[in-house]
Structure formats: C-alpha cells, structure tokens
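*Asks:* Following is a predicted model, sequence given first.
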Amino acid sequence: MSQRWHKSKQFNKSNKINVTALSNSWDLKTLGDRILRLFSLALIILTVCTACAPPPAVAKDRSFPEMSLEFLGEYQLPKINFEGVPVGGLSGITYDPKGISAVTSKAYRFYALSDDPSENGEARFYSLRLDLTSSDPGNIGLKKVTVEGVTSLKKADGETFSWGSINPEGIALSPRNSVFVASEGVTHVGIPPFVGEFDLKTGQMRGQLPIPKRYIPDASDEKQQQGVVDNLGFESLTIDPETFSPGGLDPFRLFAATEAPLMQDLDPEQASKLRLLHYIIVDKTPQLLSENLYNLDQVPMTILNGLTELVTVGGGQILSLERSFGLSGYSARIYQVALGAATDTSRIQSFKGRVAMVEPVKKKLLLDLSELGIPLYNLEGMTLGPRLPDGSQSLVLVSDDNFDEAQKTQFMLLSLKSKN
C-alpha cells in the first residue's frame, strides 16, 4: 500500500483500524498429458483436504521446522528515471532463476512491481539485476541493483490501464512464462480488487483469478459494509516453488492475502483479522481451494500496520512480512506461518462473533528487522532468491519509496537457513 492513498474517504472513515482479488486435439500425447495433470490436481486437492481436516491433538503441538535468518547487507537505489519515467513505488518482487546465466554466478534477475496506478507512467514492472559482492561464503553481500528493463501491464484487449483503474501491489513469477499481479482495488472510485495473470514478455493480461463476492466492496462511500477497505486489499502474493513444472503444465499453488481486515470483519477495538487465500492454478480454470484466518500482530503506538508479503518456502511453510509505521518510523517483522491445522473460513461471511470457532494459521516470529540496527523504510516486497555461495537460501526484500524524495528504495539481502 502506498501512503499517498491514505486520505481516501473509506480509509479515514475506518480510523479505528490500527490504520494501520483446449486444444481440441485428442491425440494420445495430449490425452496422456491431461490425465497426468488431472492426477496431479487430485493429489494436491487430497493433500489440502487432509490438511484442513480436524488434526489430532499431537499435530496441534507440532513445532515449526527450525529456521534462522541472517542479515547480509542492503543497497539503496538512487532516485533515477528509466525510459523517461521515475523508478519508484516498488511494492513487490519476484526472482527469475532463468534470468541471468551467462554473465557471472554473482548476478541474478528479479522482477519488481511498481505500485504506480498509471499516474507517473504506465502501470509496470521492472527487470532488475542484483549483483553480490563476493562468491566467498564468508563475505557475501549485496553490491548493486541495476534496472535493466521495464514492461507495461496491459488489459486483455492490449490497452494499457488508465489512471486509477489499477492499484498494483503484489507480483509472483509463474512456471508458464507469466507473472501474477495483485491489485488492491480503488474502492472510493468503484474499482474492485483483482489478481491477474500477465504475459512475462508482453505484459498483456491472460486472465484473472475468481474473487469471492465477500471481497468486493458493496459501496464506494461511507455506506460500505462489505469487501476490502480502500487501499488495504490484496497486497501479498506468492507461488509455491515446489509445484513448478516444465512449461507450467502441472497444477501449481498460489497464495494471496489482504493487507487489513475486510469491512465486515473489522473489529473497532482490534483490526487484526485478515484473510489468506489458497488457489490451485490448472489449465485455464483456477480454483479457490481454501481460505484461512491470519491474525496480524498489534504494534503499540503505530498509525499504520499491515501484512505486506507472503513467501512460500517449501515443506508446507510460508514466511510473512508485517510492516508498521509509528512515531519512531518504520518497523517490520518476518514470521514463519503454518497452515496445516487452520480452519477453512471460505464459508464464513464475517468473523464478527465467530473467531472463537476458528483456528487461525499458526505463526512464529523469525526476525524483528528493527533489531538490525539500521534505518528501515516501507518494506512491502519479499521473495526467495538464488542459493548463496555458502549453500543457504537467499531472501530479498524491497521497500516502496512512495515516490517521495525523503524516502528510499531499500533492498535487503538475508540468508535463510533451515534444519530438516
């Protein structure tokens, strides 16, 4: 969420929030491929259903896999223009393991989404090159970030998005040469939230995920009783790398979440009940498999608090990024998240009066970034990166500078280690 949207009528109205959506050929090969994909889908659905079933008492006490995060360094991108448009508002980031192979083992390709609503330029995502300081396992750091390309987002008809018709916040690279982009929606002008799939090369929309009606605002003014709150809709987006397959032929899992509670879930005393959605993407018929309650941690003395990113890390585990802003500036925390024992809330229209009946996702604080001893900015994007020279998994974060001269586009490099 970009701070420049904070003054919407709907947002100010909710000031008790801690201010914080076939081939027709039936030859044997095609038939075999489809049977294989359907079999894969059946396995995934079976796994999900098993995970959503009431767990035994022992399973609820199961500890999180042991993980640790180590801060390796940061890089602040200078204020620059690229192809005549300011580079800023970077609210989502995703890694492309196929991006750079012929340069050096210390350079890697990422895509970063600008949350520009076609105001400073066309809605877009950037191609970035990240260089490490060294291949020495004992001296790994983030040397430089370079903008190498830009791709405009386009509607299905090939036209670019007009000003205010999109509010892009989350991006995830898929296994079928596309990126999924989450738009929070612009409630005060009647633009609903969406999650769309866009061609990686052309930026043209291929389709959208089905968004349940409970996420769609029922009004664009103070009469709103349902749906995402203005500029606090879909912010987090991640695709499970364990479900990638060559060409993206097999079904894969996608997770999305709201930054703040839906209007009908809003508790005036404590704005903490968010919704996390689990999709299965297969052929051209994506389906919502389940939905869970995510409890946002409350941070004292803050005027802004929200869930800004999710990252699947394998083994049924997810990392979440919660960012807040208060009198002392920005802070952020990274959590381990486990979905296995959580209640499927997809049939619950409102959490009011129902929370005692719902088992939320389990969370465990992994790292409080405010304890690193460095200034933090508006961290909104997070992704797994390449394996580092020491064999650990990299984690890369980026901040949204809100197109403000006083704020920074901050990249952070961390090492994620786990014990199986």
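*Replies:* Cool, the structure landed.
*Asks:* Could you count how many residues lie near the nearest residue to Phe161 once chain neighbours are set aside?
*Replies:* Distances taken as C-beta to C-beta, 6 or more residues apart in numbering put Ala123 closest to Phe161, at 4.7 Å, once the chain neighbours are dropped. For every residue, glycine as well, the C-beta is placed using N, CA and C. Close neighbours of Ala123, defined as other C-beta atoms under 10 Å, add up to 26.
*Asks:* Ala123 and Ser399: what is the separation?
*Replies:* The gap separating Ala123 from Ser399 is 19 Å, by C-beta to C-beta, to the nearest Å.
*Asks:* ditto for Glu380
*Replies:* Between Glu380 and Ser399 the computed distance is 7 Å (C-beta to C-beta).
*Asks:* Then Pro192?
*Replies:* Relative to Ser399, and taking C-beta to C-beta, Pro192 is found at 27 Å.
*Asks:* between the two, which one's more packed in?
*Replies:* Taking neighbours as other C-beta under 10 Å, Pro192 and Ser399 compare with Ser399 leading, 26 against 17.
*Asks:* what sits opposite that one in the beta ladder?
*Replies:* Beta-bridge partners recorded for Ser399 (DSSP bridges): Leu379.
*Asks:* One more: Ser127?
*Replies:* Tyr111, Gly149.
*Asks:* quick one: it and Ile100 touch, right?
*Replies:* No. Ser127 lies out of contact with Ile100 (C-beta atoms under 8 Å); the separation is 10.0 Å.
*Asks:* Counting neighbours, what do you get for Ile140?
*Replies:* Count around Ile140 with other C-beta under 10 Å applied: 21.
*Asks:* pretty sure it is touching Gly385, no?
*Replies:* No. The pair Ile140 / Gly385 is not scored as a contact, 11.5 Å apart, by C-beta under 8 Å.
*Asks:* Quickly list what's touching both of the two.
*Replies:* Leu413 (C-beta atoms under 8 Å, 6 or more residues apart in numbering).
*Asks:* Under a three-state scheme, what state does Lys363 occupy?
*Replies:* Assigned with DSSP: H, G, I helix; E, B strand; the rest coil, Lys363 falls in the strand class.
*Asks:* Which pLDDT does the model give it?
*Replies:* Here, the pLDDT recorded for Lys363 equals 95.
*Asks:* So what's the residue count around it?
*Replies:* There are 19 residues near Lys363, going by other C-beta under 10 Å.
*Asks:* What strand or helix carries the closest residue to it other than its chain neighbours?
*Replies:* Nearest non-adjacent residue to Lys363, counting by C-beta to C-beta, 6+ apart: Tyr335, 4.7 Å away. If you go by DSSP states H and E, Tyr335 is part of strand 329-338.
*Asks:* For Arg275, list the residues it contacts.
*Replies:* Applying C-beta under 8 Å, 6+ apart to Arg275 gives the contacts Tyr215, Ala257, Thr258, Pro261, Leu262, Asp265, Glu291, Asn292, Leu293, Tyr294, Thr345.
*Asks:* Now do the contacts for the third one.
*Replies:* Remark: with contacts taken as C-beta under 8 Å, 6+ apart, Thr258 is in contact with Tyr215, Val228, Leu232, Gly233, Phe234, Glu235, Leu274, Arg275, Leu307.
*Asks:* 7 Å - rerun?
*Replies:* Residues near Thr258 by C-beta atoms under 7 Å, 6 or more residues apart in numbering: Val228, Leu232, Gly233, Phe234, Glu235, Leu274, Arg275.
*Asks:* Could you point out which of these is nearest to Lys106?
*Replies:* Of all the contacts of Thr258, Lys106 sits closest to Glu235, with 31.2 Å by C-beta to C-beta.
*Asks:* what's the distance between Glu197 and Thr94?
*Replies:* Noted for Glu197: a distance of 13 Å to Thr94, by C-beta to C-beta.
*Asks:* And for Ile303?
*Replies:* Ile303 sits 29 Å away from Thr94, going by C-beta to C-beta.
*Asks:* Compare the two and say which one has the larger neighbour count.
*Replies:* Thr94 (26 against 13).
*Asks:* Provide the contact partners of the helix or strand where that one lies at residue level.
*Replies:* Element membership for Thr94 (DSSP H and E) is strand 90-96. Residues outside strand 90-96 that contact it (C-beta under 7 Å, 6+ apart) are 109-115, 169-173, 179, 237, 380-381, 383-385, 396, 398, 400, 409.
*Asks:* Direction included, what does it pair against?
*Replies:* Going by DSSP bridges, the partners of strand 90-96 are strand 107-114 (antiparallel).
*Asks:* what's the offset of the strand it pairs with from the middle of its chain?
*Replies:* Relative to the mean C-alpha coordinate of its chain, strand 107-114 is positioned 14 Å out (C-alpha atoms, centre = their mean, to the nearest Å).
*Asks:* what's across from the residue lying closest to Gln393 once chain neighbours are set aside in the sheet?
*Replies:* Spatial nearest neighbour of Gln393, chain neighbours left out: Leu416 (4.4 Å); criterion: C-beta to C-beta, 6+ apart. Under DSSP bridges, the beta-bridge partners of Leu416 are Leu69, Gln393.
*Asks:* Would you check how far apart Leu416 and Glu66 are?
*Replies:* With distances taken as C-beta to C-beta, Leu416 is found 12 Å from Glu66.
*Asks:* Likewise for Ser394?
*Replies:* Noted for Ser394: a distance of 18 Å to Glu66, by C-beta to C-beta.
*Asks:* Can you pick out the residue with more neighbours from these two?
*Replies:* Ser394 (21 against 10).
*Asks:* Could I get the buried residue list for the strand holding Tyr335?
*Replies:* Tyr330, Ser331, Ala332, Arg333, Ile334, Tyr335, Gln336, Val337, Ala338 (16 or more other C-beta atoms under 10 Å).
*Asks:* Same question for stretch 349-366.
*Replies:* For stretch 349-366, burial by neighbour count (16+ other C-beta under 10 Å) applies to Ser350, Phe351, Val358, Pro360, Val361, Lys362, Lys363, Leu366.
*Asks:* Report the distance from it to the chain centre.
*Replies:* So, by C-alpha atoms, centre = their mean, the centroid of stretch 349-366 is 20 Å from its chain's centroid.
*Asks:* do stretch 382-395 as well
*Replies:* Counting by C-alpha atoms, centre = their mean, stretch 382-395 is centred 18 Å from the centre of its parent chain.
*Asks:* so how far is the first residue of that stretch from its last?
*Replies:* For stretch 382-395, the first-to-last residue distance is 7 Å (C-alpha to C-alpha, to the nearest Å).
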